[in-house]
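Turn this into a structure:
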Amino acid sequence: FFGICLGMQMAVIEFARNVIGIKDANSTEMAEQTPDPVINLMNEQKDIENKGGTMRLGTWDCTLSPGSRAHKIYKMDAISERHRHRYELNNAYMEQLNSHGLKTTGINPDTGLAEIVEIDSHPWFVGVQYHPEYKSTVLTPHPLFSAFVQACSQYAKTNS
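Numbering: from 1, shown residues only. So this is what the prediction gives:
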């Protein structure tokens, strides 16, 4: 599994509902009045009425957890990636998600927001809040895309 932006957010909702058992887990983007907003509008976005070009845009830093899949792929302790969104993993649920196996392995050092989630027990499960496609070209694919394709190929060989 490789979830990008909304894909990561949907994976968090699915995990919260079906692994943790939070039956009403949702995003306030889809269900504004959800009692369990595991994905929520970013705090700095809540008072903005005229949304226009007010998303979280541009490059943001991310500190990677040592030993995580992302850390092994990037071969770095910290990265910078490009964003385009208003909704994020709600930090109020982070400890509960982590304790059940959805690990936040990339965190913005300034905001504390989750940038990357992983499941260790899954063959290859990475969700990212940012957009790696913005830094990928045909000749220099983003390392996450390369790692995902390699993992899919290996999985197909092993399980055919």
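
all strands of the protein, in order?
2-4, 25-27, 36-41, 56-64, 78-85, 87-89, 103-107, 114-118, 126-128 (DSSP state E).

need the longest helix for this protein.
Secondary structure of the chain per DSSP state H: the longest helix is helix 143-158.

And it, what's buried?
143-144, 147-148, 151 (16 or more other C-beta atoms under 10 Å). In short, each C-beta sits where N, CA and C put it, glycine included.

Just give me the lowest mean pLDDT stretch among the strands of the chain.
The weakest mean pLDDT among those belongs to strand 56-64, with a mean of 80.

Dump the buried residues of helix 143-158 to CSV, plus pLDDT and distance to Ser68.
Output for the buried residues of helix 143-158, formatted as CSV (pLDDT from 0 to 100; distance: C-beta to C-beta, whole Å):
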residue, pLDDT, distance to Ser68
Pro143, 97, 13
Leu144, 97, 12
Ala147, 98, 12
Phe148, 98, 15
Ala151, 97, 15
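
related to what we said a few turns ago, nearest to Asn159, out of the strands of the chain?
strand 2-4 (17.5 Å; C-beta to C-beta).

Describe which strands the closest one pairs with in its sheet and in which direction.
strand 126-128 (parallel) (DSSP bridges).

Tell me which residues are up against the partner strand.
Contact with strand 126-128 is made by 1-5, 7-9, 11-12, 69-70, 81, 106, 115-118, 144, 148, as judged by C-beta atoms under 8 Å, 6 or more residues apart in numbering.

Selection in PyMOL covering whichever of those residues are buried, please.
Command for PyMOL that selects the buried part of the contacts of strand 126-128, burial taken from 16+ other C-beta under 10 Å:
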select buried, resi 2+3+4+5+8+9+11+12+69+70+81+106+115+116+117+118+144+148
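
Which one of the strands of the chain lies nearest to Glu95?
Nearest to Glu95 among the strands of the chain is strand 103-107; the distance by C-beta to C-beta comes to 9.5 Å.

Within the sheet, what are the partner strands of the closest one, with directions?
Sheet pairing for strand 103-107, using DSSP bridges, gives strand 56-64 (antiparallel), strand 114-118 (antiparallel).

most neighbours per residue, which of those?
Compared across the strands paired with strand 103-107, strand 114-118 shows the largest average neighbour count, a mean of 26 (mean count of other C-beta atoms under 10 Å).
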